[in-house]
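J.: Coordinates for the following, if possible.
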Amino acid sequence: MPRTLGIIGSGMIGSSVARLAVAAGLEVVLSNSRGPETLADLVSGLGGRARAATPAETARAADLVVAAIPLKAYGLLPAEALADKTVLDTANYYPERDGHLAELDAGELTSSALLQRHLAGSRVVKAFNTITPHQLVSLARPTGAPDRSALPIAGDDAPAKVEAARLLDVLGYDPVDIGTLAGSWRSEPDTPVYIRPYLGDVPALNVEDFLRWTARTPGVVVPAAQVRELVEIAVRRPAGEARLPSDA
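T.: The predicted structure is shown next:
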């Protein structure tokens, strides 16, 4: 297990992962695109196990890194500093936010494969992209708990997926390996495992109201067997059709 978890991106998903990591006893280094000084309140709230740094400093200090940034910002990730690191990719592709990317629209690449191309010296694993920030915290359970949920992971490097699986376990989730980065579309927006199973009946809301609603919703347990079933029945559709982002 990593002793130090680096998190690049301090939005809702990044902050939720940080909370779980600190609670699990990990050291956490946080960064964003605006500078360490802008993270003072978040770090203070997390306590003594957390500190702020630049993205490159975060990459170098961490045993394992979570990239919790919008897909449109993937080019800003410090590829050199992240070389030889396992990087967990939480991003989803939303053309209305990220702009249209022809390779993703055509289904030639998945968003995580695009990130792997940018981080050629790293080992990218898709993770944490199918659950909303509040539910990521509220549904976390200890290992062996009967009401434990599972989350899918995907990657091309087997040891990296072992690292990711161990982290998920420590943070409160059973990992379900769904295959390679090329097959990670099975957990992308508009697939059966994406967001809705962890929420139950979702009202028709705009993004802002949806996120406020999720903050008042405890979430629904989704065990590993259900995740496997949902992934298996996925059908690939044109990218960017879903409108319920897990991290705005």
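J.: For stretch 223-242, give me every contacting residue.
T.: Contact partners of stretch 223-242, identified using C-beta atoms under 8 Å, 6 or more residues apart in numbering, comprise 92-96, 100, 104-105, 107, 148-152, 174, 176, 178, 185-194, 197. Where you see a C-beta, it was placed from the backbone N, CA and C, and this is true even at glycine.
J.: Output that stretch as CSV, nothing but the C-alphas.
T.: Presented in CSV, the C-alpha positions along stretch 223-242 are these (Å, rounded to 0.1, in the frame of the first residue of the first chain):
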residue,chain,number,x,y,z
PRO,A,223,-21.9,-5.0,-4.6
ALA,A,224,-19.2,-6.4,-6.9
ALA,A,225,-21.5,-9.0,-8.5
GLN,A,226,-23.8,-6.2,-9.6
VAL,A,227,-20.9,-4.2,-11.0
ARG,A,228,-19.8,-7.1,-13.0
GLU,A,229,-23.3,-7.7,-14.4
LEU,A,230,-23.7,-4.0,-15.3
VAL,A,231,-20.3,-3.9,-17.0
GLU,A,232,-21.1,-7.0,-19.0
ILE,A,233,-24.3,-5.6,-20.5
ALA,A,234,-22.8,-2.3,-21.5
VAL,A,235,-23.2,-1.2,-25.2
ARG,A,236,-20.9,1.3,-26.6
ARG,A,237,-22.6,4.5,-27.7
PRO,A,238,-21.4,7.8,-29.1
ALA,A,239,-19.2,9.6,-26.6
GLY,A,240,-20.6,12.5,-24.6
GLU,A,241,-24.3,11.7,-24.5
ALA,A,242,-24.6,11.6,-20.7
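J.: Can I get the buried part of the contacts of stretch 223-242 as one PyMOL selection?
T.: A single PyMOL command selects the buried members of these (16 or more other C-beta atoms under 10 Å):
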select buried, resi 92+93+94+95+104+148+149+150+151+152+174+176+178+185+186+187+188+189+190+191+192+193+194+197
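J.: So which of the contacts of stretch 223-242 are in strands?
T.: The strands, defined by DSSP state E, take in 150, 151, 152, 174, 176 from the contacts of stretch 223-242.
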